[in-house]
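J.: give me a 3D structure for the following:
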Amino acid sequence: MKIVMLTNDTKNMLLNDLLKRTTDDYTEQENIVKGIIKDIHERKDDALFEYTKKFDKAEINADNIMVTEEEIEEAYGEMDGELIEIIRRAIANIRSFHEKQKKNSWITTEEEGIILGQRVTPIESVGVYVPGGKAAYPSTVLMNVIPAHVAGVKRIVMTTPCNAEGKVYPTTLVAAKEAGVQEIYKVGGAQAIAALAYGTESIPKVDKIVGPGNIFVATAKRLVYGHVSIDSVAGPSEVLVLADETANPKFVAADLLSQAEHDELASATLVTTSEDLALEVSKWVDTFTQKLERKDIIQKSIDNFGRIFVAKNMDDAIEATNDIASEHLEIVTKNPWDVMTKIKNAGAIFIGEYSSEPLGDYYAGPNHVLPTNGTARFFSPLNVDDFVKKSSIISYSENALRRVHTDIEKFAKAEGLTAHANSIAIRFEEE
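T.: Below is the predicted model:
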């Protein structure tokens, strides 16, 4: 890996490189996706089935688009029993964590009959998109479905691509069943997003769409936003390890590579106060890379977006870490909890050398749907709040309104909104 001294210039070069991983110019994809969305909106099922045939080579129709209970039972039969139990343990951890995020409605009462409050209610229906092209992602199912379930969403549906034989990955089906998905549809790509957003004869529309996908899925989510809600448009994965001389270089190297293997655009960064650690980590990265199955992807990721920064001191290292605002942050220092209190920007923070990033991906409980590309400065991980809506409650008695009505009328007139002022004044015109 490239080892450089940490300066404002080298840090800014990294930030610029990270931004290059995504582009603001989606013209080509947008033109394709706009056509798909328009077609689904107008022709519904007919268009949906045609695109599934075109892109996934599958003969899908109204009779077989929804996964049946028999198909789910078959998936259980094809699954390793031990893996099913592991999924169930992960679900318990994820559910327990998200249960603690739930917020209740509240009401306050004040003098003269003023009642104010907030009503928290779940979104009625949510669509979860789960990729299914080159690999199965049961962890994605769990992380998107469970917080919705905890929030109390009544209808949770899932769309995922099938193969040419109309089959969905068994691990995806089992994870969905265990997590509480009520409906699973065999459709992927931008056409699935359009179907969830606008509805077809087979797939009723939803109120919110969550879940990752390729550039066409991400573009479709951006284009339907406003007609439905979405979670976010995630960028390539990233990890930053903040370490000092006490860190184990083998562990650090392994953790950096755990993100680099995602794809060629993934970013792996080490910020350290130890030049010796930097050198050792770089050696272990080279050693491990040659032994890993996805070494070609890893090598391109490391070459293009992998960096080791050597900082003069821990304060400079922490400042750079906050500026980078990484999706995943590991703190491996002598006093990691003290360092953690100085971190302002990170999607998920892993503390100590035995809290490796994959622990959060699969098992610990916190959500692995995290802000990327520096958006941890203002975005949060997917959570229960993403699946509820809040309504304000306002109730004033006659006496309470009488006390303030002239204030409101003057405020409204200052904005030139005399009908607003009249709406208040008319209640006291006889006075």
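J.: where exactly do the strands run in the stretch 1-150 of the chain?
T.: 2-5, 106-110, 114-122, 125-129 (DSSP state E, counting those that start in this stretch).
J.: V33 - how many residues pack around it?
T.: When neighbours are counted by other Cβ atoms under 10 Å, V33 registers 26. To be clear about C-beta, it is placed using only N, CA and C from the backbone, and glycine gets the same treatment.
J.: centroid-nearest residue for this protein?
T.: For the chain, the residue nearest the mean C-alpha position is V369 (3.2 Å; Cα atoms, centre = their mean).
J.: what's near enough to touch that one?
T.: 143-144, 210, 212, 231-232, 234, 381-382 (Cβ atoms under 8 Å, 6 or more residues apart in numbering).
J.: give me the phi and psi for I230.
T.: With angles defined as degrees, to the nearest 10, I230 sits at phi -130, psi 170.
J.: what mean pLDDT does stretch 228-242 get?
T.: For stretch 228-242, mean pLDDT rounds to 91.
J.: what's the closest non-adjacent residue to L196?
T.: Nearest non-adjacent residue to L196, counting by Cβ to Cβ, 6 or more residues apart in numbering: G127, 3.7 Å away.
J.: give me the below-cutoff pLDDT ranges for this structure.
T.: 23-26, 134 (pLDDT under 70).
J.: could you check how far N335 is from A320?
T.: N335 sits at a distance of 18 Å from A320 (criterion: Cβ to Cβ, to the nearest Å).
J.: what of M13?
T.: Separation of M13 from A320 (Cβ to Cβ) stands at 12 Å.
J.: higher neighbour count, the two?
T.: For M13 versus A320, neighbours defined as other Cβ under 10 Å are more numerous around A320 (22 against 13).
J.: surely that one is in contact with A311?
T.: Yes - between A320 and A311 there is a contact under Cβ atoms under 8 Å: 6.7 Å.
J.: what is in contact with those two at once?
T.: Common neighbours of A320 and A311 (criterion: Cβ under 8 Å, 6+ apart): 6, 271.
J.: name the SS class of S395, please.
T.: Three-state call for S395 (DSSP: H, G, I helix; E, B strand; the rest coil): strand.
J.: report the beta-bridge partners for it.
T.: Applying DSSP bridges to S395 yields these beta-bridge partners: I115.
J.: ok, how many other residues are close to it?
T.: S395: 12 neighbours (other Cβ under 10 Å).
J.: how about the contacts made by it?
T.: Per Cβ under 8 Å, 6+ apart, neighbours of S395: 113-116.
J.: of these, which is the most crowded?
T.: Within the contacts of S395, neighbour counts (other Cβ under 10 Å) peak at I114, which reaches 17 neighbours.
J.: isn't that one up against I393?
T.: No - I114 sits out of contact with I393 when judged by Cβ under 8 Å, with a separation of 11.1 Å.
J.: overlap in contacts, these two.
T.: With Cβ under 8 Å, 6+ apart, I114 and I393 have no common neighbours.
J.: name the helix or strand for the nearest residue to I349 once chain neighbours are set aside, please.
T.: Nearest non-adjacent residue to I349, counting by Cβ to Cβ, 6+ apart: L329, 5.1 Å away. Secondary-structure element containing L329, defined by DSSP states H and E: strand 328-332.
J.: so what's T22 up against?
T.: 235-236, 373.
J.: how close does it get to V233?
T.: Using Cβ to Cβ, we find T22 at a distance of 9 Å from V233.
J.: kindly report the same for L196.
T.: Distance of L196 to V233, given as Cβ to Cβ: 15 Å.
J.: swap in N12?
T.: With Cβ to Cβ as the criterion, N12 and V233 are 24 Å apart.
J.: neighbour count winner among those two?
T.: For N12 versus V233, the count of surrounding residues by other Cβ under 10 Å is larger for V233: 18 against 11.
J.: residues contacting that one?
T.: Shown in contact with V233 (Cβ under 8 Å, 6+ apart): 218, 221-222.
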